[in-house]
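[1] turn this into a model:
(one chain, ligands or ions: 1)
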Amino acid sequence: MKDFSKSYEVCNCKKVTIEQIQDVIINQQAKTLREIQDLTTAGTECRHCIFPEGDFGKIKKKIYCKDILNQFV
Ligand code: FES
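    Predicted coordinates:
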């Protein structure tokens, strides 16, 4: 993963940071993108921040929830 600050906002709709996503993976044992969505609300609005294949925004995201989850699997 590229070098992002932990406070980098992955989900702009719900204002969810890298740190918040890592927290539910580490401390609440989130193992799937669905669980990350349920626990943080990231990716529950436009859904462009979940994974690249689902990013239909004009300006593509720099990092996705999936990238963060992949760090741990
Ligand atoms: S940027 Fe995450 S739901 Fe829109």
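[2] contacts for the lengthiest helix in the chain?
    Looking across the chain with DSSP state H, the single longest helix is helix 18-27. Here helix 18-27 makes contact (Cβ atoms under 8 Å, 6 or more residues apart in numbering) with 4-8, 10, 30-31, 35-36, 39-40, 42, 63, 65, 68-69, 71-72. Any C-beta I mention is one placed from the backbone N, CA and C, and that applies to glycine too.
[3] which ones, among these, also lie beside the ligand?
    residue 42 (Cβ under 6 Å from any ligand atom).
[4] tell me the buried residues within the contacts of helix 18-27.
    10, 30, 36, 39-40, 42, 63, 65, 68-69 (16 or more other Cβ atoms under 10 Å).
[5] tell me which two in the residues you listed are the farthest apart.
    Within the buried ones among the contacts of helix 18-27, 39 and 63 form the most distant pair, 18.1 Å apart (Cβ to Cβ).
[6] tell me how far the residue positioned nearest the centre of the chain lies from residue 37.
    In the chain, the C-alpha closest to the average C-alpha coordinate belongs to residue 65, at a distance of 2.4 Å (Cα atoms, centre = their mean). Distance check for residue 65 against residue 37: by Cβ to Cβ, to the nearest Å, it reads 8 Å.
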